[in-house]
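Novice: Attaching a predicted model along with its sequence, questions to come.
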Amino acid sequence: MATMQERADELDGAEAVALAGMFLHADLAVPADAFGHPGRRAVVMAWKQLGQVCTSPECIALAEQHAEKKAVTDALGDIVSSEDLAKNASRWKERCADVIKHHAEQSAHEHLDRVTRLYERGDISESAVAQAWERLGAARGRAVVATPAVGLLERLLAKARDWHGRKHIGIAVPSLPQVTTRLDGLRGLMFLGGEPGTGKTSLALQLAFDAVEGNADTVGVFVSCEMSGEEITGNLATSLARISYKDLLKGRDGIDPDRDTGLRLRPDELRRLGEAHDKVRSISSRWAIVTPGDLGGSFNGKDGRNPFHAVVGLVERMKAEAGATRAVVVFDNLQAMPVAEPTGGQWRGEQALERDRYTIAKMNELTDGGALDSVIVISEQNKAGMGKDDSTSFLGTGRINYAADATVLLKDPESYGKGGEGDELREQHYENGMSWVVWSLKKGRAGMDRGTVEMTYDFRHHRFVEGFKLERHEL
């Protein structure tokens, strides 16, 4: 077993590599307060304040206002000496995760000490102590002692006091008020299913982004396991600016490049694209699009930690930097998630089903443990379930129906019936760049209102609106 000094040395080395990689990759991956070394902390604070990598004399001088000159000099020396180790992106991200995890544990320990002292003085209830222990357990990545029943009841009543007077328990999505009402806001673990082409990715992206934009206390992360971050960003840009993906990337024929942007788009499109850019920039500290590669590769467990610790670490960093308290995360999609074999063994029996059960269980921990407020997971329908209005048609394991707080299906309306006028109506809508979709809440817990919402999918612009629209100008 490592001694305290050995553990301290290991953490010091992790901090040095993390900082060197942040400079090498120009990525503020670790918040300043996660660094124990005062010089490293000061350098990152200066970087954050000036919005640039801290190598200029101005930035170094600012860092020296936060720590002694020698400490800053030592930190800058770490960057040079650890640069080779930080060039390995996977190793660097692991070191960043180690630093963030240690900071989370340390903060949780300090919080537990404060809460315990207050409890011993009779200033707070035992439920607060139970919550502090849970926070420490989450930081360590392992289970803690069960909360006493009276503590659970007190916690529930505390939540009720916070929720009373709110319009929704969960996170509201301003662009989709009927969906928000059905769900009572985004909350818990939701599985979103449907046949290919029904707009699952577009809807999940809209739900998450609009929730962040419409709620200043919320951060959002979209984890794309199939498409690149650039492709997802392209879908978001077309949705916000109402420009087709093809026109966004290729421009319009017969239009000269704009003097300021160099883009071949109409003035109204340039204006909307500028507005979209401003929207994204205004919430940039609370919004992220990532791929598994950005998070270190496969979602595999290590040393007993939650396999999704990288996602939680990213969310916690974003919350801390933005002063936010709630989070929504999208995983697109369940079947494409690169889940490695469990530590010390292999998937048994039907590999895909075992893998899905494991993944679903871990995502359940994210919401049940309070790490994330809302997790949206996209899943395809199986071949036998195509066209069926049944949540058992989700591709993979039936575990989805038991684990989820909500299961949602996107399906065709009855008016798209096979043959005759139904096919004609569908084709007419497709030619117009739109389709009718029925959003159906098949299962909902804790006060959710099961039922359907009629929606129109503007697939050229990756955007949903509520209601069946007849003309494009209504979108």
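Specialist: Good, I have the coordinates.
Novice: which secondary structure elements does the lengthiest helix in the chain contact?
Specialist: Assignment by DSSP state H gives helix 89-120 as the longest helix of the chain. Contacts defined by 3 or more CB pairs under 8 Å, 6 or more residues apart in numbering; DSSP states H and E place helix 89-120 against helix 4-25, helix 83-86, helix 126-140, helix 309-322. Backbone N, C-alpha and C define where each C-beta goes, glycine included.
Novice: Select from the ones you listed the stretch with the lowest mean pLDDT.
Specialist: For the helices and strands packed on helix 89-120, mean pLDDT drops lowest on helix 126-140, to a mean of 71.
Novice: other SSEs contacting that helix?
Specialist: helix 89-120, helix 149-163.
Novice: Next, Leu410: phi, psi?
Specialist: phi -100, psi 130 (degrees, to the nearest 10).
Novice: Could you check how far the residue nearest the centre of the chain is from His109?
Specialist: Of all residues in the chain, the one closest to the mean position by CA atoms, centre = their mean is Val221, 2.3 Å from it. Distance, Val221 to His109, using CB to CB, to the nearest Å: 26 Å.
Novice: same check, this time on Thr55
Specialist: In terms of CB to CB, Thr55 sits 35 Å off from His109.
Novice: Also Asp247?
Specialist: 54 Å.
Novice: Out of those two, name the residue with the larger neighbour count.
Specialist: Asp247 (18 against 15; other CB atoms under 10 Å).
Novice: pretty sure the more buried one is in a strand, no?
Specialist: No: remark: Asp247 does not belong to a strand; assigned using DSSP: H, G, I helix; E, B strand; the rest coil, it is helix.
Novice: show me what contacts it?
Specialist: Contact partners of Asp247, counting by CB atoms under 8 Å, 6 or more residues apart in numbering, are 265, 269.
Novice: From Asp253, how far off is it?
Specialist: From Asp247 to Asp253 the distance is 10 Å (CB to CB).
Novice: Equivalent analysis for Lys70, please.
Specialist: Taking CB to CB, one finds Lys70 at 62 Å from Asp253.
Novice: The two: which is more packed in?
Specialist: The residue with more neighbours, out of Lys70 and Asp253, is Lys70; 11 against 7, by other CB under 10 Å.
Novice: Which strand in this structure has the most residues?
Specialist: Taking DSSP state E as the criterion, the chain has its longest strand at strand 435-444.
Novice: which is the next helix or strand following that one?
Specialist: Downstream of strand 435-444, the next assigned helix or strand under DSSP states H and E is strand 451-458.
Novice: who does that next one pair up with?
Specialist: strand 435-444 (antiparallel), strand 463-466 (antiparallel) (DSSP bridges).
Novice: Out of the ones you listed, flag the one nearest Thr116.
Specialist: With respect to Thr116, and counting by CB to CB, the nearest of those is strand 435-444 at 38.1 Å.
Novice: which parts of the closest one are buried?
Specialist: Neighbour-count burial for strand 435-444, counted by 16 or more other CB atoms under 10 Å, picks out 435-444.
Novice: Dump the residues you listed to TSV, plus pLDDT and distance to Pro267.
Specialist: As requested, these are arranged in TSV below (pLDDT from 0 to 100; distance: CB to CB, whole Å):
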residue	pLDDT	distance to Pro267
Ser435	94	30
Trp436	95	32
Val437	95	32
Val438	95	37
Trp439	96	35
Ser440	94	41
Leu441	94	41
Lys442	89	45
Lys443	86	47
Gly444	88	45
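Novice: got JSON lines for these, with distance to Thr367 too?
Specialist: Listed next are the buried residues of strand 435-444 as JSON lines, based on distance: CB to CB, whole Å:
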{"residue": "Ser435", "distance to Thr367": "31"}
{"residue": "Trp436", "distance to Thr367": "31"}
{"residue": "Val437", "distance to Thr367": "26"}
{"residue": "Val438", "distance to Thr367": "26"}
{"residue": "Trp439", "distance to Thr367": "21"}
{"residue": "Ser440", "distance to Thr367": "22"}
{"residue": "Leu441", "distance to Thr367": "17"}
{"residue": "Lys442", "distance to Thr367": "18"}
{"residue": "Lys443", "distance to Thr367": "15"}
{"residue": "Gly444", "distance to Thr367": "14"}
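Novice: Strands of the stretch 301-450 of the chain, start to end?
Specialist: 326-332, 374-380, 406-411, 435-444 (DSSP state E, counting those that start in this stretch).
Novice: Now for Ala16: which residues touch it?
Specialist: Contacts of Ala16 (CB under 8 Å, 6+ apart): 40, 78, 81-82.
Novice: ditto for Glu269
Specialist: 241, 243, 247.
Novice: likewise Gly229?
Specialist: With CB under 8 Å, 6+ apart, Gly229 has these contacts: 289-291, 294.
Novice: For Trp439, see how far away it is.
Specialist: On the measure of CB to CB, Gly229 and Trp439 end up 26 Å apart.
Novice: Mind pulling the model confidence for the residue of the chain most remote from its centre?
Specialist: Distance from the centre of the chain peaks at Gly420, with 43.1 Å (CA atoms, centre = their mean). Note for Gly420: predicted pLDDT of 75.
Novice: so who does it touch?
Specialist: So Gly420 contacts nothing (CB under 8 Å, 6+ apart).
Novice: So for stretch 460-475, what gets flagged as buried?
Specialist: Of the residues in stretch 460-475, those buried (16+ other CB under 10 Å) are 460-465, 468-469, 475.
Novice: What segments of the stretch 151-300 of the chain are helices?
Specialist: Secondary structure of the stretch 151-300 of the chain (DSSP state H, counting those that start in this stretch): helices at 177-183, 200-214, 229-241, 245-250, 267-282.
Novice: picking that back up, from the helices and strands packed on helix 126-140, which stretch is densest packed?
Specialist: helix 89-120 (a mean of 18; mean count of other CB atoms under 10 Å).
Novice: Now do it against helix 309-322, angle only.
Specialist: 60 degrees (axes from the mean of the first three to the mean of the last three CA atoms, to 10 degrees).
Novice: sorry, back to before: between the contacts of Ala16, which is nearest Glu454?
Specialist: Arg40 (54.5 Å).
Novice: rewinding a little: tell me the angle the longest strand of the chain makes with helix 200-214.
Specialist: Using the same axes, to 10 degrees: strand 435-444 against helix 200-214 is 70 degrees.
Novice: Residues in contact with strand 435-444: which ones?
Specialist: 179, 182-183, 198-199, 203, 389-391, 401, 404-413, 415-416, 426, 429, 448-457, 459, 464, 468.
Novice: picking up where we left off before, dump the strands paired with strand 451-458 into TSV; add distance to Asn215 as well.
Specialist: As requested, the strands paired with strand 451-458 are exported to TSV (distance: least, CB to CB, whole Å):
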stretch	distance to Asn215
strand 435-444	21
strand 463-466	19
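Novice: which stretch among those comes nearest Glu365?
Specialist: strand 435-444 (19.5 Å).
Novice: chain center to the closest one: distance?
Specialist: The chain centre lies 23 Å from the centre of strand 435-444; the measure is CA atoms, centre = their mean, to the nearest Å.
Novice: Ok, stretch 267-282 next?
Specialist: 23 Å.
Novice: Report the rounded mean pLDDT for that stretch.
Specialist: 94.
Novice: Same check on stretch 48-59?
Specialist: 77.
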